[in-house]
Structures are given as C-alpha cells and as structure tokens.
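# coordinates only, no sequence provided:
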C-alpha cells in the first residue's frame, strides 16, 4: 500500500470517528429528552445496551427486562 493511500485511509478513519462521536452525542441528547437514562452493556447477553425507562432496565438486543 502506498503512503498516500495510507494517509487517505487514516483521514477517512478520523472522519468516521468524529462522525461516531457526533452520533453518540445526538443519541445521548435524544435519550435525555425522551426521559431515557444512560445506557450500559447488558450483563445477560453482553451485546445489547440496557436503557432505563419508566422504572425498568431493558436490553436493546435480547429484550431482558427488570424493575429497579
């Protein structure tokens, strides 16, 4: 791979990382406005995220749900 190609790839990775950061911030703001609490990794399936809403934690992947 040529040096120029690597530089282009590096720039693209940096752009994508910035985009991911922006999307994560948008999701946090939308969740806050919707009354959804912070997300954490599901301890049952290890793939989804637990979201807190209406006094329950629910996994976005496996559907696990538990009251608080």
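Happy to help now that I have it. This structure is a prediction, so every number in the text was calculated from the model and none was measured.

# strands along this protein, start to end?
40-41, 49-53, 56-59, 65-67 (DSSP state E).

# and the third one, what's buried?
This points to strand 56-59. Using 16 or more other C-beta atoms under 10 Å as the test for burial, strand 56-59 gives 57, 58, 59. To be clear about C-beta, it is placed using only N, CA and C from the backbone, and glycine gets the same treatment.

# could you export the residues you listed as TSV, including distance to residue 46 and pLDDT?
Below are the buried residues of strand 56-59 laid out as TSV (distance: C-beta to C-beta, whole Å; pLDDT from 0 to 100):
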residue	distance to residue 46	pLDDT
57	15	87
58	16	90
59	10	91
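
# so which of those is the closest to residue 5?
For those, the residue nearest residue 5 by C-beta to C-beta is residue 59; the value is 40.5 Å.

# surely that closest one meets residue 42?
Yes - the pair residue 59 / residue 42 is scored as a contact, 4.1 Å apart, by C-beta atoms under 8 Å.

# for residue 61, which non-adjacent residue is spatially closest?
residue 48 (2.6 Å; C-beta to C-beta, 6 or more residues apart in numbering).
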